[in-house]
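J.: Sharing a model that was predicted from the sequence below.
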Amino acid sequence: MEQDVWERKYHLALERMERDEREFRAVEELLRRLSLRLAALVRPAGGDIEALLERLTSELRGTPSPASIEPLLEALAEAVTRMDEALPPDAGVDAATVEALRADIARLQDLLAMVSARLGDMTRYLAAELEEARTEEGGSRELDARVREEMRALGERTLAAGDLASLQAEVSQRLSLIDRHFRDYRDREDARLAAYRDRAERMRDRVEELESQASTLQDSLRREHELALTDGLTGLPNRLAYERRMVEVEREVREGAMACVGAFDIDHFKSINDTYGHAAGDAVLRIVGQTLARELDGRAFVARYGGEEFVAVFHRTSPADAETLAQGLCATVERLAFHASSKPVTVTMSGGITRFEAHERAADAFDRADRALYAAKREGRNRCVRL
Ligand SMILES: Nc1nc2c(ncn2[C@@H]2O[C@H](COP(=O)(O)OP(=O)(O)OP(=O)(O)O)[C@@H](O)[C@H]2O)c(=O)[nH]1
């Protein structure tokens, strides 16, 4: 009966251990996904990082040990550092892009250091559990051998016993020895279970702490990423966001989709600043930017390219339709009611439209849209030209 109770305890402990291990695996998976996403941010240099993560995953699927995992994590950290060094400031990528990528890489490095430390903890824990299971198995084998020995001795004495009284004494002595062996074994196992429970509690706390750290890190990365892609003054996507979007559009156009690029610039903006002040200029930029985003919502991706220049990418739109939309935008901006020192101020905008051709790079299409924009400026502003 007592043995049944002990066995139930033992199975409960085993189930708990398996559940813990599943939790650790879930955390490892979460961290792996996080690292993969970060590696994806620094493409195209992320190739060897993905291969290393692949190897790390297959290690984790087996029986992980610090000896097999630590070198992989070190190689991963090294690859990330190489990626940082491989980021030249003059590779056609603007300084803000390089800065943002460097910040991502630094965060990835921090994350790897954290993952490395935590995986070390976990694998050490699993190794200790394995050792524990081995010891436990040894203990039960020992008990088994002792019980067998007592039973064998009892059998021999039974045959040798001359009278009933000495037989009874022999049986009772052997039974109490067996009982003591069980008791010793149970006490040792109870102590081991208590120690195990303690360690499991501590590990659970550490796993919870790790999960919360990982999710805080993920949130702050997401927030910082959004900030890195947003123009602070207008709230529109910034040039970096535009360049990232253009990587996708370039691929779509190569696959046969139609797209147009529009460059827009507020006319005589310098004189708005000079006449009404920089704050008024900022307000004009904000309102014009938001007007473009609102008017083109669902039809084009709009970003602030820099200074007083905006860019729009029209998806699945013919050049003629994009030009009509752009002319409508110029007319809408002209109708905006600006006031400075209680006097109405008319603001106009010029635009240049071009088709994004399948054989060209995004930068070529933008340059042509920009040339169209300057043609519109030369032709008298407040208009749109298509090249
Ligand atoms: N207020 C404000 N001004 C800015 C900002 N960014 C750039 N500018 C100003 O925008 C002005 C751009 O002037 P120019 O490039 O000479 O062009 P423009 O006066 O608009 O003339 P055209 O483009 O030829 O019609 C410069 O005076 C910049 O200082 C900004 O964020 N806020």
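T.: Perfect, I can see it now.
J.: could you pull out the helices for the chain?
T.: 2-41, 47-61, 66-85, 95-160, 164-228, 239-254, 269-276, 278-295, 319-335, 362-378 (DSSP state H).
J.: between those helices, which gets the lowest average pLDDT?
T.: Here these differ in mean pLDDT, and the lowest is helix 2-41 at a mean of 59.
J.: Near the ligand, which residues of the stretch 101-250 of the chain are found?
T.: L233 (CB under 6 Å from any ligand atom). For every residue, glycine as well, the C-beta is placed using N, CA and C.
J.: quick one: contacts for T346?
T.: With contact set as CB atoms under 8 Å, 6 or more residues apart in numbering, T346 has these partners: E334, F338.
J.: What of L285?
T.: L233, T234, I266, R304, E308.
J.: Need the phi and psi values for the closest residue to the fourth one other than its chain neighbours.
T.: This points to R304. Closest residue in space to R304, ignoring its immediate chain neighbours: D231 at 4.3 Å, by CB to CB, 6 or more residues apart in numbering. Torsion angles at D231 (phi, psi; degrees, to the nearest 10) stand at phi -80, psi 130.
J.: check contacts around D231.
T.: Contacts of D231 (CB under 8 Å, 6+ apart): P237, N238, G289, A303, R304.
J.: Can you tell me which of these comes closest to the ligand?
T.: For those, the closest approach to the ligand (CB to the nearest ligand atom) belongs to R304, at 8.8 Å.
J.: Is it correct that the closest one is in contact with T234?
T.: Yes. Between R304 and T234 a contact is recorded at 5.2 Å, counting by CB atoms under 8 Å.
J.: May I have the beta-bridge partners of the nearest residue to L292 once chain neighbours are set aside?
T.: Counting by CB to CB, 6+ apart, L292 lies nearest to V302, which is 4.9 Å off, once chain neighbours are set aside. With DSSP bridges as the criterion, V302 is bridged to A312.
J.: just the buried members of the contacts of D231?
T.: The neighbour count (16 or more other CB atoms under 10 Å) marks P237, N238, G289, A303, R304 as buried among the contacts of D231.
J.: Against L53, how distant is the third one?
T.: In other words, G289. From G289 across to L53, the span is 39 Å (CB to CB, to the nearest Å).
J.: what's the answer for the first one, then?
T.: Shown here: P237 relative to L53, a distance of 29 Å by CB to CB.
J.: cool, S212 as well?
T.: Taken as CB to CB, the span from S212 to L53 is 23 Å.
J.: now swap in A376 and tell me
T.: On the measure of CB to CB, A376 and L53 end up 49 Å apart.
J.: How about Q327?
T.: From Q327 to L53 the distance is 50 Å (CB to CB).
J.: quick one, which of these two is more surrounded?
T.: Each of Q327 and L53 has its neighbours counted (other CB atoms under 10 Å); L53 has more, 19 against 15.
J.: Was I right to think that one contacts L73?
T.: No. Applying CB under 8 Å, one finds L53 not in contact with L73, separated by 10.2 Å.
J.: Most proximal residue of the stretch 101-250 of the chain with respect to the ligand?
T.: L233 (5.7 Å).
J.: For that residue, give me its contacts.
T.: D282, L285, R286, G289, R304.
J.: Likewise for A241?
T.: Here A241 is in contact with L229, T230, A303 (criterion: CB under 8 Å, 6+ apart).
J.: contacting residues for the last one?
T.: Neighbour list for A303: D231, L236, P237, N238, R239, A241, Y242, R245, F310, V311, A312 [criterion: CB under 8 Å, 6+ apart].
J.: can you check the second one too?
T.: Taking CB under 8 Å, 6+ apart as the contact definition, T230 lies against L236, P237, N238, A241.
J.: Hmm, the second one is touching R245, no?
T.: Yes. Look at P237 against R245 with CB under 8 Å: they come within range, at 7.4 Å.
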